[in-house]
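Novice: coords please:
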Amino acid sequence: MTTVLAPVAGHVVGLAGVPDPVFSGGLVGPGTAIDPARRAGEALAPIDGLILKLHPHAYVIAGEDGRAVLVHLGIDTVLLKGEGFRPLACEGARVRAGAPVVAWDPVAVASAGKSPICPVVALDARPGTLTTLLAAGPVRAGEELFRWGGGYD
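Specialist: This is a model prediction of the structure:
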């Protein structure tokens, strides 16, 4: 069982609340999404593991068991070319759940015309292997978001 923590504080809206059909349709994988608090802060590691990919606006962390979690800071934020984001860790680094990975500003993202909603996705998770701990409502960064049991592809 892998416990996935909220990388940012805000309001859980679920993947259906993501204004991007790739995420809202579950094409990337199952998970949830957080509409972040509108203040600059840090996005945290959702699990213990190795940072496989780190872009200013998104990162993937893989645990010892091979399970990987994607955190995407906003929608279409790749188009901002790093503006409003500052990596605090390095690709290839080992991190503990709750460690800061990226500093970012959701207000700057929204001011640039992009949605700051943050999908948190269990990559390659089989259907029915996630247990939602919080389907909707407020969440603090570092709180349990969902659990990933069973297998993965």
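Novice: which residues of the protein fall in helices?
Specialist: 21-24, 106-111 (DSSP state H).
Novice: Output the shortest one as CSV, nothing but the C-alphas.
Specialist: C-alpha atoms of helix 21-24 as CSV (Å, rounded to 0.1, in the frame of the first residue of the first chain):
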residue,chain,number,x,y,z
PRO,A,21,-9.7,16.1,-21.2
VAL,A,22,-6.4,14.1,-20.9
PHE,A,23,-6.5,14.4,-17.1
SER,A,24,-10.2,14.6,-16.5
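Novice: how about it: buried residues?
Specialist: 23-24 (16 or more other Cβ atoms under 10 Å). C-betas here are computed from N, CA, C, even on glycine.
Novice: Off-centre distance for it?
Specialist: Centre-to-centre, helix 21-24 and its host chain are 14 Å apart (Cα atoms, centre = their mean, to the nearest Å).
Novice: Count the neighbours of Thr2 for me.
Specialist: If you count neighbours by other Cβ atoms under 10 Å, Thr2 ends up with 23.
Novice: Just list whatever residues bridge to the closest residue to it other than its chain neighbours.
Specialist: Spatial nearest neighbour of Thr2, chain neighbours left out: Trp148 (4.2 Å); criterion: Cβ to Cβ, 6 or more residues apart in numbering. In this entry, Trp148 is beta-bridged to Thr2, Leu130, by DSSP bridges.
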